[in-house]
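# Pasting the sequence and the predicted coordinates here, then a few questions.
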Amino acid sequence: MAQQSSVINVDEKGNAEVSFNIPDFNGELRLMAQVWSDDEYGVAENKITVAAPLIAELAMPRFLAGGDAATFALDLSNNSGQPQQLKVTLYRQR
């Protein structure tokens, strides 16, 4: 994922605020900034973690044929920082 903003002016203290619309994504992003004036320049970067409050990942075989048996793994990750009570319902279809 790559996004770039246009030139942003900073205030008298050298601060600026920028917003980005990030699509559904769970992972790590690298945030980079470049600043310059007529006499000076600088650059900084930092990694940030982007995660939904609840992540559900289902691990299952890619292919199954008639008569095959398989084990599925459902991983739920609570990233909200708050306790959550969840109800998971699995349906078996024959």
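Received it, and whenever you're ready, just let me know what you need.

# give me the number of residues near V35?
13 (other Cβ atoms under 10 Å). Every C-beta, even on glycine, is put in place using the N, C-alpha and C of the backbone.

# my read: it touches N15, true?
No: using Cβ atoms under 8 Å as the test, V35 is too far from N15 to be in contact (11.0 Å).

# distance between the ends of stretch 13-21?
Using Cα to Cα, to the nearest Å, the end-to-end distance of stretch 13-21 comes to 26 Å.

# contact partners of it?
Outside of stretch 13-21, the residues within contact range by Cβ atoms under 8 Å, 6 or more residues apart in numbering are Q3, S5, I8, N9, V10, V35.

# quick one: contacts for the second one?
So the one you mean is S5. When contacts are counted by Cβ under 8 Å, 6+ apart, S5 touches V18, F20.

# what about it, distance to S19?
As for S5, its distance to S19 is 9 Å (criterion: Cβ to Cβ, to the nearest Å).
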